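>>> I need the structure of the sequence given here:
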Amino acid sequence: MTRYKVEYFAIGAISGMIVGIVVGLLVAPASGDRTRRRLVAEARRAANAAKAVAERAEEAAEILSGRVEHYLGRDEEAAWRKVREIKEGVQRYTRAQTVQ
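Numbering: from 1, shown residues only. Okay, here's the model as predicted:
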């Protein structure tokens, strides 16, 4: 998943939880004290879920970043190898021309 998809998913999940909590409070037939305790519990659950989503997104980003760096590093090494080969070829050609 791309970074933006993960962000949008997290925003949607958190928004959905908040809307669910508010609707639940509005239609709850419980007392104020009991409702407050439920609200605290739901808020903790929502915070834990958001934390889990954020941790998974961070892990995915780290893995993806490592893979990109790995492949870019390989390409960079190959490019420098080619530069050295070309430089050596030019030097050999120049020496051959000066000998003749």
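
>>> Next, the buried residues of stretch 27-34.
By neighbour count with 16 or more other C-beta atoms under 10 Å, stretch 27-34 contains no buried residues. Any C-beta I mention is one placed from the backbone N, CA and C, and that applies to glycine too.

>>> From start to finish, how long is that stretch in a straight line?
The first residue of stretch 27-34 is 14 Å away from its last residue (C-alpha to C-alpha, to the nearest Å).

>>> Could you give the average pLDDT over it?
Stretch 27-34 carries an average pLDDT of 74.

>>> Once you drop chain neighbours, what's closest to A43?
In space, and not counting its chain neighbours, A43 is closest to I21: 7.2 Å by C-beta to C-beta, 6 or more residues apart in numbering.

>>> Report the contact partners of that neighbour.
Contacts for I21 (C-beta atoms under 8 Å, 6 or more residues apart in numbering) come out as L39, E42, A43, A46.

>>> now, which of these sits nearest R95?
Nearest to R95, judged by C-beta to C-beta, of these is A46 at 72.9 Å.

>>> The closest one - how many residues pack around it?
Close neighbours of A46, defined as other C-beta atoms under 10 Å, add up to 17.

>>> For it, give me the pLDDT.
84.

>>> swap in G16?
Looking at G16, its pLDDT reads 89.

>>> just the helices in the protein please.
Ranges of helices in the chain, per DSSP state H, are 3-26, 32-99.

>>> what residue ranges in the protein score low on pLDDT?
1, 3, 30, 72-73, 99-100 (pLDDT under 70).

>>> Could you measure from the residue nearest to the spatial centre of it over to D75?
By C-alpha atoms, centre = their mean, the chain has its centre lying nearest to A61, at 2.7 Å. Using C-beta to C-beta, to the nearest Å, A61 is found at 21 Å from D75.

>>> cool, A28 as well?
Where D75 is concerned, A28 sits at a distance of 59 Å (C-beta to C-beta).

>>> on that earlier part again, any of the contacts of I21 buried? List them.
Buried among those by 16+ other C-beta under 10 Å: E42, A46.

>>> Of the helices of the chain, flag the one that's most buried.
helix 3-26 (a mean of 12; mean count of other C-beta atoms under 10 Å).
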